[in-house]
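K.L.:
this one's sequence-less:
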């Protein structure tokens with residue numbers, strides 16, 4: 001019964017039964033005229049989750065990495081300069097992708113546990129008088145360190161410098177769980193995946209594209225085919241798809257978006273924040289430290305917990321799975337062995353996460369940590385209790 005337990009990794013996330021049921025359908029003709037009857041409303045409802053009225057949402061059979069590739073290949077040319085900071089494993093992977101495409105990648109090195117360096121970005125954008133920087137890339141929620149960045153602050157830095165750079169945002173582990181405002185924050189491309197806040201199986205790159213980003217496709221010369229924004233957008237205008245779509249995932253996404261909008265996005269954000277606050281209270285009760293350096297950086301979808309010097313965090317994730325059938329996230333890159341992560345996004349409730357906190361306590365006590373059983377659970381309960 002091991003796989004009946006919730007998973008506490010920052011994606012893929014737990015899938016509600018209603019979404020599983022929605023995906024449990026036979027194949028059907030995606031060229032039939034009634035395909036558009038469901039597909040066009042789905043795309044329109046997704047805009048409500050992205051909080052965009054001027055942009056459009058495109059769906060590709062891929063993961064967030066495919067969305068990264070589509071973002072740069074549709075808007076840039078070989079040799080174009082992009083500005084990006086390295087402050088975790090996923091910002092590092094986006095850097096690597098850009099370098100493989102032959103872009104001139106200007107990297108700002110940051111300490112892991114910090115977020116996008118808004119002031120340093122502002123300085124470099126002001127100094128770029130000739131407009132060599134064509135795009136600024138930001139990982140909104142760095143999953144490896146459980147750090148969120150100030151996306152709106154980066155847009156203000158671009159605007160204050162009177163710069164024309166596009167703003168591209170990796171929102172894979174934040175969108176549909178944490179506050180994200182594509183239009184209000186001036187985001188040109190926002191990228192997420194089906195398996196995080198949308199609570200589906202892996203297999204969809206979900207990309208929000210502003211009019212400015214779509215206009216950039218006219219002059220971009222990087223090679224693209226499968227991820228061509230224009231091919232997708234033109235097909236979508238008539239409720240069609242340029243190639244065979246994953247219809248089961250589309251059905252699941254319709255159910256997911258319905259759940260989110262019925263709950264209300266502000267309530268979704270509040271639920272994630274409350275759950276995260278309980279986890280952070282547990283960490284404090286354990287006497288451990290977060291990887292995120294300060295409260296304004298705290299993620300509401302994942303918590304990265306540093307282990308004491310001399311301890312190996314990998315043993316926590318290994319023992320949790322072997323002894324209790326529960327999955328936590330391990331440390332990645334520079335943080336390998338130094339921290340473990342509790343993911344708490346998507347289909348997650350206060351009661352569910354209490355089981356994860358309790359399991360983490362048992363694991364750490366098993367491994368000789370100086371932690372009192374029940375201390376973290378009690379601290380989280382104080383956050384979650386809803387007395388009259």
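P.N.:
Okay, I see it. Not measured: the values here are computed from a predicted model. Numbers count the residues shown, from 1 in each chain.

K.L.:
For the stretch 151-300 of the chain, which segments count as helices?
P.N.:
151-160, 211-216, 229-237, 247-263, 265-286 (DSSP state H, counting those that start in this stretch).

K.L.:
The last one: which residues count as buried?
P.N.:
Which is helix 265-286. Within helix 265-286, the residues that qualify as buried by neighbour count (16 or more other CB atoms under 10 Å) are 265, 268-269, 271-273, 275-276, 278-283, 285-286. Every residue, glycine included, has its C-beta placed from N, CA and C.

K.L.:
and what of the shortest one?
P.N.:
Buried residues in helix 211-216, counted by 16+ other CB under 10 Å: 212-214, 216.

K.L.:
ok, now which ones touch the residue nearest the centre of the chain?
P.N.:
Centrality entry for the chain: nearest residue to the mean C-alpha point is residue 173, 1.7 Å, by CA atoms, centre = their mean. Contacts here follow CB atoms under 8 Å, 6 or more residues apart in numbering; on that basis residue 173 touches 10-11, 141, 143, 196-197, 299, 301-302, 345.

K.L.:
Among those, which ones are in strands?
P.N.:
Among the contacts of residue 173, the members falling in strands are 141, 302 (criterion: DSSP state E).

K.L.:
Now, of the contacts of residue 173, which are buried?
P.N.:
The neighbour-count test (16+ other CB under 10 Å) marks 10-11, 141, 143, 196-197, 299, 301-302, 345 as buried among these.

K.L.:
which one of these is nearest residue 246?
P.N.:
If you rank the buried ones among the contacts of residue 173 by distance to residue 246 using CB to CB, residue 196 comes first, at 16.7 Å.

K.L.:
What score does the closest one have for pLDDT?
P.N.:
pLDDT for residue 196: 97.

K.L.:
And for the one 3 residues further on?
P.N.:
What the model reports as pLDDT for residue 199 is 98.

K.L.:
Identify the residues contacting residue 255.
P.N.:
18-19, 21-23.

K.L.:
Redo those residues as a markdown table? Include neighbour count and secondary structure.
P.N.:
Rendered in a markdown table, the data for the contacts of residue 255 read as follows (neighbours: other CB atoms under 10 Å; DSSP: H, G, I helix; E, B strand; the rest coil):
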| residue | neighbour count | secondary structure |
| --- | --- | --- |
| 18 | 14 | helix |
| 19 | 23 | helix |
| 21 | 12 | helix |
| 22 | 20 | helix |
| 23 | 20 | helix |
